[in-house]
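A.B. asks: Give me a 3D structure for the following:
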Amino acid sequence: MPMMNRDVIIRAVKQISVQAPLSEDWMTSPLRYDGQDLAVSVDPDFRKWISPMQARRMGRLLKRAAAVSSEALSEAGIAVPDAVIAATGLGCIANTEAFLNELCEGEELLKPTYFMQSTHNTVAASLAVRLGCHGYNTTYSHGSISFESALYDAFLQLRSGRIGTALAGGFDEITPSYLVLLRKLGFVREGGPVCSEAAVAFALAASEGDEGGLCRLSSVRLLHRPELPELREEAARILGSGAVDGVVAEPEPLVGELFPGLPAVGYKDIFGECYTVPALGVYAAVSWLVSGRFRRGVLFFNHTAEGDCSFILLERLCGK
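C.D. replies: Okay, here's the model as predicted:
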């Protein structure tokens, strides 16, 4: 029988981004990209996780996903998760571009690998194959709220008892030509955060006791283009729990109005801007909570350009 009283624990989280990979060095010595339009991720030596023969057939985003997922699951003590849930805004856009460019040169020269790795669900599928995971596998591509959608799916399934463990992550890459399109769309703004990339993997587990982990994922709420009264009601509900010491959110007047008196900390000045940068924001919130910057709990809040909002509450585990 499904159990509805299980906690959801973040056992481990790893990142490859424009900061030092698989490291928390950004907390004390962040790399700066002031004045740059585009910043690609700082990659580790992938030979630890991927053989040279495998690497030749994998795009850079797949390599990053394999590395962060392997490290997160290893730290969490999870050999094979019950579910793999990915989020992406653009998918493997570099492979998509390569395939389309070759198509323009002639159909006889097409490489099937570029096409097979160009779809948005490539990352989740490749991770499942690598891990031997035959369970639930899906991908969310919902613009700037893609990661929160994936995390919400994992949260509900873990709470309901449908699964016991999950690998959830956000994965995006960028190319110079696609940066031009993002500017036309208004997603990347002059003077705003640098356009960046993300590869973040969360190892999640359901718990009915005091099992180890980094923190508790207490609540995930998504609101589609809410009016201000609805936002105020949700903010008051979360603050009423008494577990919030601060907010991780980009600075804007709305944040000060919803969470008066609470310190607000931004993250895009550290990690840049991409569709799944909220995954890095939640990762930063977890890291700050574990390091003691927040004593009881921290709230991640995202207000997208499309008007959608997300609330993610993280709380310290007993004894931490």
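A.B. asks: going forward, measure contacts between C-alpha atoms and count neighbours the same way
C.D. replies: Noted.
A.B. asks: By mean pLDDT, point me to the weakest helix or strand of the protein.
C.D. replies: Least confident element among the helices and strands of the chain, by mean pLDDT, DSSP states H and E: helix 112-116 (a mean of 76).
A.B. asks: Report the buried residues of that one.
C.D. replies: residue 114 (16 or more other C-alpha atoms under 10 Å).
A.B. asks: Okay, strands next: where are they in the stretch 101-250 of the chain?
C.D. replies: 136-140, 165-172, 198-207, 215-223, 246-248 (DSSP state E, counting those that start in this stretch).
A.B. asks: Quickly note the distance from the residue of the chain most remote from its centre to residue 102.
C.D. replies: Distance from the C-alpha centroid of the chain, by C-alpha atoms, centre = their mean, peaks at residue 108 (37.9 Å). Residue 108 sits 9 Å away from residue 102, going by C-alpha to C-alpha, to the nearest Å.
A.B. asks: Apart from its neighbours in sequence, what residue is nearest residue 137?
C.D. replies: In this structure, residue 137 finds its nearest non-sequential neighbour in residue 84, 4.9 Å apart by C-alpha to C-alpha, 6 or more residues apart in numbering.
A.B. asks: burial of that neighbour, as a residue count?
C.D. replies: Residues near residue 84, counting by other C-alpha atoms under 10 Å, number 27.
A.B. asks: Go ahead and confirm it touches residue 164.
C.D. replies: No - shown here, residue 84 and residue 164 do not form a contact pair, counting by C-alpha atoms under 8 Å, at 11.9 Å.
A.B. asks: okay, and the common contacts of the two?
C.D. replies: Residues touching both residue 84 and residue 164 (C-alpha atoms under 8 Å, 6 or more residues apart in numbering): there are none.
A.B. asks: what about the residue nearest to residue 137, which SS state?
C.D. replies: strand (DSSP: H, G, I helix; E, B strand; the rest coil).
A.B. asks: now the strands of the stretch 101-250 of the chain in TSV, with distance to residue 56, mean neighbour count and mean pLDDT?
C.D. replies: Below are the strands of the stretch 101-250 of the chain laid out as TSV (distance: least, C-alpha to C-alpha, whole Å; neighbours: other C-alpha atoms under 10 Å; pLDDT from 0 to 100):
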stretch	distance to residue 56	mean neighbour count	mean pLDDT
strand 136-140	24	19	98
strand 165-172	20	30	98
strand 198-207	19	28	96
strand 215-223	37	18	96
strand 246-248	38	23	97
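A.B. asks: of all those, which lies closest to residue 308?
C.D. replies: strand 215-223 (5.9 Å; C-alpha to C-alpha).
A.B. asks: Which strands or helices does that closest one pack on?
C.D. replies: Under the contact criterion of 3 or more C-alpha pairs under 8 Å, 6 or more residues apart in numbering; DSSP states H and E, strand 215-223 touches strand 7-16, helix 146-160, helix 277-291, strand 309-315.
A.B. asks: got the contact list for the first one?
C.D. replies: Outside of strand 7-16, the residues within contact range by C-alpha under 8 Å, 6+ apart are 21-23, 41-43, 64, 68-69, 71-73, 75-76, 155, 158-159, 198-208, 212-218, 280, 283.
A.B. asks: Tell me what angle it forms with strand 309-315.
C.D. replies: Put simply, strand 7-16 runs at 110 degrees to strand 309-315, going by axes from the mean of the first three to the mean of the last three C-alpha atoms, to 10 degrees.
A.B. asks: tell me which residues in stretch 118-127 are buried?
C.D. replies: Under 16+ other C-alpha under 10 Å, the buried positions of stretch 118-127 are 118, 120, 121, 122, 123, 124, 125, 126, 127.
A.B. asks: Out of the helices and strands packed on strand 215-223, which one sits most buried?
C.D. replies: Across the helices and strands packed on strand 215-223, averaging neighbours per residue (mean count of other C-alpha atoms under 10 Å) puts strand 7-16 on top, at a mean of 25.
A.B. asks: thinking again about what came up before, save the strands of the stretch 101-250 of the chain as CSV, and put in distance to residue 257 too.
C.D. replies: As requested, the strands of the stretch 101-250 of the chain are arranged in CSV below (distance: least, C-alpha to C-alpha, whole Å):
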stretch, distance to residue 257
strand 136-140, 30
strand 165-172, 29
strand 198-207, 30
strand 215-223, 17
strand 246-248, 12
